[in-house]
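Colleague: Compute the structure for the input listed below.
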Amino acid sequence: MPEDTVIAVEHVDAGYDTPVLESVSFTVRKGEVFVILGGSGCGKSTLLKHIIGLNPPLGGEIRIMGDRIFGGAPAERERAMRRFGVTYQSGALFGSMTLLENVCLPLESFTDLPHDARYLVAEMKLEQVGLKEYASYFPSDLSGGMKKRAAIARAMALDPAILFLDEPSAGLDPVTSAGLDRLILRLRDTQGVTVVMVTHELASIFAVADRCIMLDKKTRSLIAEGSPARLRDCPPNAAVQAFFNREAETAPDPQRPASPSCPNLVSPKESL
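Modeller: Prediction:
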């Protein structure tokens, strides 16, 4: 495994009572923007819930910077979970709290900082996402894009090494979504954070992703891995081609080659 690996997913069966994904393996490297993509119902959010420790996988192992999320000692799980922050599709802000109070929550729960210091850190985090002047506002006073930014500020409160974003552009207009993409890249470049993003928004994928994996509902597997441009220009199968070319769904066979002009492209399963 490469030395710069920060997340290792090894032969994970994702699902609840029955698997929606089987034997999924991949790694995420330090400092990259890594995107998990695929069509509706392919298991993107389910896999994310396993990685961030909300639900145990049906099989396999997940490590965050070497520590197991499940199956290890409680101290190992705690170390792993302290290394990342998470934002959810809705933002998940507490409506009865101001933005400043929302961002202060992780600091109150996991640090011994005095009150004034917590508020100073929270103000700095809001400033990083362009919301310092809205610190006293409540979530109901904000637009959808501002809520997403506030959620990112809260997720970054403890200076995590990894930031997980679940459908960050969902419900946003193209201009607001582009602004959020720029924020993600700025955080990666200035804070050194590794970003793992679940999305199916092609514009955002091409704007921010260094590397992607694509999941497939039909085969319950990981069917492609690479840069967005590589997957678009040399898709390893028909399902990837259909996704990146926004083709109408005609039940493409993921096993059918789609780009004979790229004979050297190796599928993820063959490379693992």
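Colleague: Where does pLDDT dip in the stretch 51-200 of the chain?
Modeller: 90-91 (pLDDT under 70).
Colleague: Let me see the ranges of the strands in it.
Modeller: Counting by DSSP state E, counting those that start in this stretch, the stretch 51-200 of the chain has these strands, from start to end: 59-64, 67-68, 84-87, 162-166, 194-198.
Colleague: Name the surrounding residues that touch the second one.
Modeller: Contact partners of strand 67-68, identified using CB atoms under 8 Å, 6 or more residues apart in numbering, comprise 61, 62, 76, 77, 79, 80, 83. (C-beta placed from N, C-alpha, C; glycine too.)
Colleague: Within the sheet, what are the partner strands of that strand, with directions?
Modeller: Here strand 67-68 has these sheet partners by DSSP bridges: strand 59-64 (antiparallel).
Colleague: residues of the strand it pairs with that come out buried?
Modeller: For strand 59-64, the buried set under the neighbour-count rule, 16 or more other CB atoms under 10 Å, comprises 60, 61, 62, 63, 64.
Colleague: Quick one: these as CSV, columns for distance to residue 224 too.
Modeller: Shown next, in CSV, are the buried residues of strand 59-64 (distance: CB to CB, whole Å):
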residue, distance to residue 224
60, 20
61, 22
62, 21
63, 23
64, 24
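Colleague: Checking residue 205 next. Helix, strand or coil?
Modeller: Under the three-state scheme (DSSP: H, G, I helix; E, B strand; the rest coil), residue 205 adopts helix.
Colleague: what residues are up against it?
Modeller: With CB under 8 Å, 6+ apart as the criterion, the residues that contact residue 205 are 35, 37, 199, 212, 228.
Colleague: can you pull out the helices in the stretch 101-250 of the chain?
Modeller: Using DSSP state H, counting those that start in this stretch, the helices assigned to the stretch 101-250 of the chain run over residues 115-128, 144-155, 174-191, 202-208, 228-233, 238-244.
Colleague: what about the first one, distance to the chain center?
Modeller: Taking CA atoms, centre = their mean, to the nearest Å, the mean C-alpha location of helix 115-128 is offset from the chain mean by 24 Å.
Colleague: Then the shortest one?
Modeller: Mean C-alpha position of helix 228-233 versus that of the full chain (CA atoms, centre = their mean) differs by 19 Å.
Colleague: for that helix, what is the average pLDDT?
Modeller: When pLDDT is averaged along helix 228-233, the result is 93.
Colleague: quick one: buried residues of that helix?
Modeller: Burial within helix 228-233, assessed by neighbour count using 16+ other CB under 10 Å, is assigned to 228, 230, 231, 232.
Colleague: same thing with the third one?
Modeller: Applying a neighbour-count criterion of 16+ other CB under 10 Å, one finds 176, 177, 179, 180, 181, 183, 184, 187, 188 buried in helix 174-191.
Colleague: separation between residue 153 and residue 4?
Modeller: With distances taken as CB to CB, to the nearest Å, residue 153 is found 27 Å from residue 4.
Colleague: Between these two, tell me which one has more neighbours.
Modeller: Neighbours of residue 153 and residue 4, each counted by other CB atoms under 10 Å, are more numerous for residue 153; the result is 27 against 12.
Colleague: Is that one in contact with residue 131, as I believe?
Modeller: Yes. Judged on CB atoms under 8 Å, residue 153 makes contact with residue 131 at a distance of 6.6 Å.
Colleague: Mind listing the shared neighbours of these two?
Modeller: Residues touching both residue 153 and residue 131 (CB under 8 Å, 6+ apart): residue 99.
Colleague: thinking again about what came up before, can you tell which of the helices of the stretch 101-250 of the chain is closest to residue 88?
Modeller: Proximity of the helices of the stretch 101-250 of the chain to residue 88 was assessed by CB to CB; the nearest stretch is helix 144-155, lying at 7.1 Å.
Colleague: what's in contact with that closest one?
Modeller: Residues from elsewhere that reach helix 144-155 (CB under 8 Å, 6+ apart): 85-88, 90-93, 99, 102-103, 105-106, 122, 125-126, 128-131, 134, 139, 142, 163-165, 168, 171-172, 176-177, 179-180, 183, 187.
Colleague: from the residues you listed, which would you call buried?
Modeller: When neighbours are counted using 16+ other CB under 10 Å, the contacts of helix 144-155 contain these buried positions: 85-88, 91, 93, 99, 102-103, 105-106, 122, 125-126, 128-129, 131, 134, 139, 142, 163-165, 168, 172, 176-177, 179-180, 183, 187.
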